[in-house]
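Student: I would like to see how this sequence folds:
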Amino acid sequence: MSAPVSPARRNSRTSLHWVGVICGLAAGAGLGAAEAPTKLVTIGLTPFMVSLGMVAGDDPLSHGRAGRRWWEYLIAAAAVGIFAWLAAVAARPDIPFDAFWGTALTIVTALCIAGGGVVLCRRTRFS
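Tutor: Here you go, the predicted model:
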């Protein structure tokens, strides 16, 4: 048998649940947007033509479609509101900084990047 959950903790779990639901919906929308270029390639356009069309702003899948729907603006406004609320309640944590470890981690990161560049150059010759 588990201990009873306080109302404050229950509300915290509920709000975190809805944050997760909203993030999941946003991720699904992003994946759907990433699927559109794939559809263009499958209908016979070359990837170069798809890229050129995206840069030019001419998307064949959007022809005949009017402007944005009202609910798209509602979702954008809700996202801005959530981020504004999160920014308002955010507090800067007191995190101590050790200059030695900061320098050491910077050097290790630079060495990893340089090593990765060398390996990439040797294996692909940037071709």
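Student: Can you tell me the SS state at residue 45?
Tutor: The three-state assignment at residue 45 reads coil, by DSSP: H, G, I helix; E, B strand; the rest coil.
Student: Now for it, how many residues are close by?
Tutor: 16 (other C-beta atoms under 10 Å). Glycine gets a C-beta too; all of them are placed from N, C-alpha and C.
Student: ditto for residue 43
Tutor: Using other C-beta under 10 Å, residue 43 has 9 neighbouring residues.
Student: Phi first, then psi, for it.
Tutor: phi -90, psi 0 (degrees, to the nearest 10).
Student: repeat for residue 98
Tutor: Main-chain torsions, residue 98, degrees, to the nearest 10: phi -100, psi 120.
Student: For it, give me its contacts.
Tutor: If a contact means C-beta atoms under 8 Å, 6 or more residues apart in numbering, then residue 98 has no contacts.
Student: mind redoing it with 10 Å?
Tutor: Contacts for residue 98 (C-beta atoms under 10 Å, 6 or more residues apart in numbering) come out as 104, 105.
Student: for residue 126, same thing?
Tutor: Shown in contact with residue 126 (C-beta under 10 Å, 6+ apart): 117, 120.
Student: before we move on, what SS does it have?
Tutor: coil.
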